[in-house]
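> Structure for the following, please:
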Amino acid sequence: MRWRYLIAFLAAVSPSSIALPAGDVSEAVEVFQRTCLAQSSSFDAIASAAAAEGWKPLPEGDFERLAPLEHLDSSSGWIATDRALPEPVVIGVTKARRDGRPVETCTVAFMKVPIEPFLNEFSDSTNAEKLSEEPEGTWTSRLYMLIAGDRKQFVKLKYARSPDGSGPMAASSIAER
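Down below sits the predicted model:
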């Protein structure tokens, strides 16, 4: 149910239903890496960047439905524009607990990306180890582990496929605080 919300929400905030061209996939992966996997990507750093960049805040509680974990201590989300992308994306951060440990998450949600090219570009540009892949109805969830900077992080890529090979995707990092 949460992920159906992603489709409806992103469609509302991004009226263009045009998929990113295959050539723009590397830019989409770069936005995710720069925003969520960089060493300084933390709840506070991203909240500061959102204020500095003038990202539009989401209504209170809206991002919680897109977050990669369910039991959150706090969350913030924004509609962000990036020069590298032809349409806005949703960026959100949370503070939560995973297996009893405090973690921070960062998510970049895309309305429609070419799925296989994104997955291939992500794999080629990181040394992430794929831990699992699980179908969840019409969605697929992949979990990876990687070390970015000095932080061990988990990456969750959750996506839906469409007949044309493109679909919505939420790319999230999960790292201990």
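> What is the burial count for residue 129?
Neighbour count of residue 129, defined by other Cβ atoms under 10 Å: 11. Heads up, the C-betas are built off the backbone N, CA and C, glycines and all.
> before we move on, what about residue 99?
Per other Cβ under 10 Å, the neighbour tally for residue 99 reads 5.
> List the buried residues in the longest strand along the chain.
What stands out as the longest strand in the chain, according to DSSP state E, is strand 101-114. By 16 or more other Cβ atoms under 10 Å, the buried positions in strand 101-114 come out as 103-114.
> from the chain's centre, how far out does that strand sit?
2 Å (Cα atoms, centre = their mean, to the nearest Å).
> and it, which strands flank it?
If you go by DSSP bridges, strand 101-114 pairs up with strand 89-98 (antiparallel), strand 166-176 (antiparallel).
> pLDDT-wise, which helix or strand of the protein ranks last?
Every helix and strand of the chain was ranked by mean pLDDT, DSSP states H and E. The lowest is helix 2-13, at a mean of 52.
> Output the contacting helices and strands for the helix or strand just after that one.
As assigned by DSSP states H and E, the chain's next helix or strand after helix 2-13 is helix 25-32. Counting contacts by 3 or more Cβ pairs under 8 Å, 6 or more residues apart in numbering; DSSP states H and E, helix 25-32 is packed against strand 101-114, helix 115-125.
> of these, which approaches residue 168 most closely?
Closest approach to residue 168 among the helices and strands packed on helix 25-32 is made by strand 101-114 (5.8 Å; Cβ to Cβ).
> State the mean pLDDT of the closest one.
Mean per-residue pLDDT for strand 101-114: 92.
> My reading is that residue 36 lies in a strand. Confirm?
No. Using DSSP: H, G, I helix; E, B strand; the rest coil, the assignment for residue 36 is helix, not a strand.
> Export the helices and strands packed on helix 25-32 as a markdown table, with columns for distance to residue 76.
As requested, those are exported to a markdown table (distance: least, Cβ to Cβ, whole Å):
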| stretch | distance to residue 76 |
| --- | --- |
| strand 101-114 | 11 |
| helix 115-125 | 24 |
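> Looking at those, which is nearest to residue 173?
Nearest to residue 173, of all the helices and strands packed on helix 25-32, is strand 101-114, at 5.0 Å by Cβ to Cβ.
> Beta-bridge partners for residue 96, please?
Beta-bridge partners for residue 96, by DSSP bridges, are residue 72, residue 103.
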